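1. Build me a structure from this.
(chains A and B)
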Number of protein chains: 2
Amino acid sequence: MATMTKRELPNRLLLGPGPANVHPQIMVALQQPVLGHLDPVFQEILVETAGQLRRLFGTENELTLAVTGTGFSGMESCLANLIEPGDTMLVGVNGFFGTRMADFAKRFGAEVVEVTAPWGQPLAAEDVDNALHANPSVKVVGIVHGETSTGVRQPIEEIARVAHAHGALVLMDAVTTLGGLPVMVDAWGVDAAYSASQKCVGTISGLAPLTFSPRARERLAQRAAALPTWYHDVEALHQYWSAQGFYHHTCSSTLVYGLKAALDLMDEEGIENRFARHQQCGDALKAGLEAMGLSLVAAAGHRLPMLTTVRIPDGAEDLDVRKALLAGHGIEIAGGLGPLMGQIWRIGLMGYAARPVNVRTFLAAFAQILTDRGCTIDADAGKAAAEAHLAQ
Amino acid sequence: MATMTKRELPNRLLLGPGPANVHPQIMVALQQPVLGHLDPVFQEILVETAGQLRRLFGTENELTLAVTGTGFSGMESCLANLIEPGDTMLVGVNGFFGTRMADFAKRFGAEVVEVTAPWGQPLAAEDVDNALHANPSVKVVGIVHGETSTGVRQPIEEIARVAHAHGALVLMDAVTTLGGLPVMVDAWGVDAAYSASQKCVGTISGLAPLTFSPRARERLAQRAAALPTWYHDVEALHQYWSAQGFYHHTCSSTLVYGLKAALDLMDEEGIENRFARHQQCGDALKAGLEAMGLSLVAAAGHRLPMLTTVRIPDGAEDLDVRKALLAGHGIEIAGGLGPLMGQIWRIGLMGYAARPVNVRTFLAAFAQILTDRGCTIDADAGKAAAEAHLAQ
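-> Numbers count the residues shown, from 1 in each chain, chains lettered A, B, ... in the order given. The predicted model follows:
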């Protein structure tokens, strides 16, 4: 077996739900010299990075930072801090990640009220309202902004309004959306939100950005029960990620360099341009797939730009097609999760991977593979429909 | 503010308790192309890495992997899985990290029996034995192998023997020792152990290697209470870190490349040579400091090679000296934790940083700074004493 440095690894085109391909400038940033987690120079970088994260989250929340861990680590952080045993939490469940959020909340002792919608449909704010009327003790409403298992974008702003009318805090999962769609924590009235570093933020995985509003922090200050976790204690993390710089854990300078380089790239590109790029590529891909004759999973009008879900057509088999894409073309896409396993594919266009060239490359390879398997698709129509968006 | 890629960061000599400087080959490995967390090529790398971790831990435990998070994340993983609310756990407390382990155990609902020793002294197996006689309900005995706050190496093997005689499982914190001292999980009868990636293992921080014995896993299988965490569910992590490759979290290929490159370097150097290098450098440093006229903190015969603790001499002030080392010489060392804050310094020689040249560089700069401050030290004697070890 070759050592890690000498090993020849494939260069994949990463079009799954993350990690996405990483911009070369970020790879360069990872080579910056390692600094200690309490080095004053690194502390400056942390404070600057927190400021950039605030802008990205659309918030002035002082408690804004990144946990060392993946997106689920962000989810655990938020729930561990917001939930006390016996609290009632409402969770929107219409996909794998909402289901997971409900599960996490239960592990931390919450009574969970689930508001559901069919997988592929968004949650209705009205259903949340009704559930809150029926369950006035709900303290936290948790919603996934972009449900990566279905490709659905949820109406966070409406749901947050309803939740606040009932006096509940709002927790938002922005794992898939942050950096690819507007995420406006303050304007929407979101009290806590978490994300991940390897999707539309665009660096390697290993950090989970999160933010807590002053209102959420009041709740933390009033907790009766001790926090069940120390690693995910957000107030202790905040004391580290601030000018005080109190030791909490050995935060990796390398991971933070990558995150900061990704945030620098957003500043350079302009966040609106970045959102437009994700929208254009996502629209082109969806138009191409539909023109080829395939069916999209997410309800029209509620589709995520960065993550497209498509039904597996007759004649094609999930793993066979994904293996052909990976082995023959070096392209990674993902299958379905839970009840959608074997039924759908999930195609991501995130961060650096959200580029017209990748839409073209994917559609050509995908059309070829499906045609080879005897599926009835119109490759030319697909290409033309995608190009109509890409030429705009 | 310069962007992350263009920023001129200092090249520190990292002689604190980790992160240590990272070997250039590991930095190269971090540049390998990002792979998806479910890519079959990456899965092979995970399986190989798990095999190398087994050898490093001295174990045949099938459940051997790395959690995405820092060393404390490994500590939380082990305690969250091993402890059920109401369980009694014995924790050896003679430093900051033992104190932290006791705190984590309480958060997971354990009744904690603390066996203490003065900071700077090792725990006595006899004290553990007595405490187990007095508390026959103890299910888990938790011990820190290398107490990084004091520089003390603990007699794990003896304590494990005692714990097993009482039918308790043994949990070992090997955060500081793994990769720098023999850690023999199977031979010592350790049931669960965790470490970190950025100390003697020698890569960047962000991963916490851990291992669970079949006996520990039986305990997990018999749990009555649901696990309070999903992120740290070691059985689910194991299903991911094995040939099955079930999705658990978005493990960073980059972090794993770094870890595997670090393990490759150990294979190349030979683990015994690596241990000898840490011992030689640590001995030289200690001899140098004592010959200079300074006092070591850890009891003789129980000193860690990779982490040396020394009392701050009269005339010197903690932060002033550390700032002079950092600003004037680019050398990072650490201060004391808890009751030793302001009383001691902690000097690490870990992984790639454990080299004779670094011992010399540090002692010269340190002697200069202390002399400048009017401390009564014998720099020449310190140098000669260190060289006597380095010349061997």
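2. what about the strands in chain A?
-> If DSSP state E is used as the criterion, the strands of chain A fall at A:13-14, A:63-68, A:88-93, A:111-116, A:138-144, A:146-147, A:152-153, A:169-173, A:192-194, A:207-212, A:307-311, A:331-332, A:334-335, A:344-348.
3. which one of the ones you listed is the most hemmed in?
-> Per residue and on average, the most neighbours among those fall to strand A:146-147, with a mean of 32 (mean count of other CB atoms under 10 Å in any protein chain shown). Bear in mind the C-beta positions are built from the backbone N, C-alpha and C, glycine included.
4. Show me the contact partners of that one.
-> Contacts of strand A:146-147 with the rest of the structure, by CB atoms under 8 Å, 6 or more residues apart in numbering or on different chains, involve A:94-98, A:152-154, A:174-177, A:181, A:304, A:306-307.
5. how does chain A divide up, domain by domain?
-> Taking automatic domain parsing as the reference, chain A has its domains at A:24-267, A:271-390.
6. Buried deepest among those domains, which one?
-> With neighbours taken as mean count of other CB under 10 Å, those reach their highest mean count in domain A:24-267, at a mean of 22.
7. ends of that one, how far apart?
-> Criterion CA to CA, to the nearest Å; first-to-last residue distance in domain A:24-267 is 16 Å.
8. how far does that domain sit from the chain's center?
-> Distance of domain A:24-267 from its chain centroid, counting by CA atoms, centre = their mean, to the nearest Å, is 10 Å.
9. what does stretch A:298-313 give?
-> From the chain centre to the centre of stretch A:298-313 is a distance of 15 Å (CA atoms, centre = their mean).
10. end-to-end on it?
-> The first residue of stretch A:298-313 is 16 Å away from its last residue (CA to CA).
11. Quick check: residues of the stretch 251-392 of chain A near chain B?
-> Counting by CB under 8 Å from any CB of the partner chain, the positions of the stretch 251-392 of chain A adjacent to chain B are A:251-255, A:257, A:260-261, A:264, A:268, A:326, A:332, A:334, A:337.
12. Kindly recompute the last result at 6 Å.
-> Taking CB under 6 Å from any CB of the partner chain as the criterion, the neighbours of chain B within the stretch 251-392 of chain A are A:Ser252, A:Thr254, A:Leu255, A:Tyr257, A:Lys260, A:Ala261, A:Asp264, A:Glu332.
13. tell me the contacts of A:Ile333?
-> By CB atoms under 6 Å, 6 or more residues apart in numbering or on different chains, the contact list for A:Ile333 reads A:Leu15, A:Gly16, A:Trp345, A:Ile347.
14. Mind doing that once more with 8 Å?
-> Counting by CB under 8 Å, 6+ apart, A:Ile333 makes contact with A:Leu15, A:Gly16, A:Arg322, A:Leu325, A:Trp345, A:Arg346, A:Ile347, A:Gly348, A:Phe362.
15. How much space separates the fifth one from chain B?
-> The reference is to A:Trp345. Between A:Trp345 and chain B the distance, using CB to the nearest CB, to the nearest Å, works out to 14 Å.
16. That residue and A:Leu307: what is the separation?
-> A:Trp345 sits 11 Å away from A:Leu307 when distances are taken as CB to CB, to the nearest Å.
17. Ok, the third one next?
-> For A:Arg322, the distance to A:Leu307 equals 16 Å [CB to CB].
18. Report the rounded mean pLDDT for stretch A:83-94.
-> For stretch A:83-94, the mean pLDDT works out to 97.
19. Taking the contacts of strand A:146-147 together, which two end up most distant?
-> A:Phe96 and A:Leu181 (19.1 Å; CB to CB).
20. Contact partners for the nearest residue to A:Val321 once chain neighbours are set aside?
-> Nearest non-adjacent residue to A:Val321, counting by CB to CB, 6 or more residues apart in numbering or on different chains: A:Ile369, 5.7 Å away. Counting by CB under 8 Å, 6+ apart, A:Ile369 touches A:Val321, A:Ala324, A:Leu325, A:Gly328.
21. gap between A:Ile369 and A:Trp345?
-> For A:Ile369, the distance to A:Trp345 equals 11 Å [CB to CB].
22. next one: A:Val28
-> Distance from A:Val28 to A:Trp345, by CB to CB: 33 Å.
23. what do you get for A:Asp318?
-> Distance from A:Asp318 to A:Trp345, counting by CB to CB: 7 Å.
24. Please identify every residue contacting each of the two.
-> Common contacts of A:Asp318 and A:Trp345, defined by CB under 8 Å, 6+ apart, comprise A:Ile312, A:Gly335, A:Gly336.
25. Let me see the confidence value for the first one.
-> Read that as A:Ile312. The predicted local confidence for A:Ile312 comes out at a pLDDT of 98.
26. correct me, but it touches A:Met341?
-> No: at 10.5 Å, A:Ile312 and A:Met341 do not qualify as touching, with contact defined as CB atoms under 8 Å.
27. tell me, what's touching these two both at once?
-> Common contacts of A:Ile312 and A:Met341 (CB under 8 Å, 6+ apart): A:Asp318.
28. Need the distance between the two termini of stretch A:185-203.
-> 22 Å.
29. Give me the distance between the two termini of stretch A:216-228.
-> The first-to-last residue distance of stretch A:216-228 comes to 17 Å (CA to CA).
30. Please read the previous query as pertaining to stretch A:143-158.
-> 11 Å.
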